[in-house]
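> Quick one, structure for this:
(one chain, ligands or ions: 2)
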Amino acid sequence: MTKLSVNINKLATLRNSRGGNVPDLITSAQDIEAFGAEGITIHPRPDERHIRYQDAKDLKKIVTTEFNIEGNPVPKFIDLVLEVKPTQVTLVPDAEDAITSNAGWDTQKHKDFLVDVIKTFKENGIRTSIFVDPDVEMVKGAAKTGTDRIELYTESFAHQFAEGHKEKSIAPFAEAAKMAHQLGLGINAGHDLNLDNIKFFKEHIPHLLEVSIGHALICESIYLGLENVINMYLHRLK
Ligand SMILES: CC(=O)[C@@H](O)[C@H](O)COP(=O)(O)O
Ligand SMILES: NCC(=O)COP(=O)(O)O
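Ligands and ions are numbered 1, 2, ... in the order given. Coordinates of the predicted model:
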């Protein structure tokens, strides 16, 4: 059974674009859970361009499924996570100016740093996951950090899958996942997963515990909801 955690960054982007509180992230998260999602993911970035640090605190009060906070463990982020105490923290090596996450950890180069922060989070009862590329050596390095789980960075899979290279797209992920399972690591995955590629990914990655999906899920929701909403307006305008 693979849990679906919905990343609500894009709802915050929409809210912030108008300066008000529409859509309301609290109501949205509650509805997303009511519709069956098994987790809520947020990825506050240092510039707070979508999720604000205050959102993390407010969401903690109402999320009843798994609450997953992702981000680069800079001091401000570590303090936030220790205060909020989500179910899971996912560590991502984001550059400050990155448009979106674009690489996994070098788990060998950053081993000592990761060991330290992971220990701190685990001592506070927070499950840890670290974002890694589908590279067996990086998975082996992850196992040495003490993390509970890894999150496989699926951008390369999604890109190659969309170009029709299905077998090539999944091969490194299947290998990395096999190694992670052998080493006792839980397996999450995320980035650019969507309605077209998720079934294939799930079928080829055994022991997949959780996927976090945001950008595509919100775009798909807008598109698949358009017909319904346009008709509701037309009905009211009769
Ligand atoms: C780690 C990851 O892949 C996602 O959290 C993604 O980075 C979402 O962040 P943005 O919504 O800022 O693109
Ligand atoms: N961890 C990945 C995530 O939360 C969502 O990524 P995306 O679906 O917005 O690419």
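> In this protein, which helix is the longest?
If you go by DSSP state H, the chain has its longest helix at helix 215-236.
> Could you point out which residue ranges in the protein have low pLDDT?
Applying pLDDT under 70 to the chain flags no residue at all.
> ranges for the helices of it?
Per DSSP H, the chain carries helices over the ranges 9-18, 25-34, 53-62, 75-84, 111-123, 136-143, 155-162, 166-182, 198-204, 215-236.
> Nearest to ligand 2, out of the ones you listed?
Smallest distance to ligand 2 across the helices of the chain (C-beta to the nearest ligand atom): 3.5 Å, for helix 215-236. In this view, the C-beta of every residue, glycine as well, is placed from N, C-alpha and C.
> which other helices and strands contact the closest one?
Applying 3 or more C-beta pairs under 8 Å, 6 or more residues apart in numbering; DSSP states H and E, one finds that helix 215-236 contacts strand 3-7, helix 9-18.
> From the contact counts, what lies against the first one?
Counting contacts by 3+ C-beta pairs under 8 Å, 6+ apart, strand 3-7 is packed against strand 39-42, strand 66-71, strand 208-213, helix 215-236.
> okay, the ones you listed in JSON lines with mean neighbour count next?
What follows is the helices and strands packed on strand 3-7, written out as JSON lines (neighbours: other C-beta atoms under 10 Å):
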{"stretch": "strand 39-42", "mean neighbour count": "27"}
{"stretch": "strand 66-71", "mean neighbour count": "24"}
{"stretch": "strand 208-213", "mean neighbour count": "23"}
{"stretch": "helix 215-236", "mean neighbour count": "12"}
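> Any idea which of the ones you listed gets closest to ligand 1?
So among the helices and strands packed on strand 3-7, strand 66-71 is nearest, using C-beta to the nearest ligand atom, at 4.6 Å.
> Give me the contact list for the closest one.
Residues outside strand 66-71 that contact it (C-beta atoms under 8 Å, 6 or more residues apart in numbering): 3, 5, 38-45, 56, 59-60, 77, 80-81, 84, 86-92, 94, 101, 129, 131, 210, 212.
> got a list of what residue 205 touches?
152, 170, 173, 174, 177, 187, 189.
> measure the closest residue to residue 106 other than its chain neighbours to residue 105 for me?
Among residues not flanking residue 106 along the chain, residue 138 sits closest, at 7.1 Å (C-beta to C-beta, 6 or more residues apart in numbering). Using C-beta to C-beta, to the nearest Å, we find residue 138 at a distance of 7 Å from residue 105.
> Between those two, which is the more surrounded one?
Ranked by neighbour count (other C-beta atoms under 10 Å), residue 138 and residue 105 place residue 105 first, with 24 against 20.
> wait, doesn't that one sit right on residue 131?
Yes - if you go by C-beta atoms under 8 Å, residue 105 and residue 131 touch, sitting 6.3 Å apart.
> what do those two both touch?
Residues touching both residue 105 and residue 131 by C-beta under 8 Å, 6+ apart: 91, 93.
> Can you name the residues that contact the closest residue to ligand 2 within the chain?
Here the chain gets closest to ligand 2 at one residue, residue 190, 2.7 Å apart by C-beta to the nearest ligand atom. Counting by C-beta under 8 Å, 6+ apart, residue 190 makes contact with 7, 41, 151, 152, 153, 154, 211, 212, 213.
> Kindly recompute the last result at 6 Å.
151, 211, 212 (C-beta atoms under 6 Å, 6 or more residues apart in numbering).
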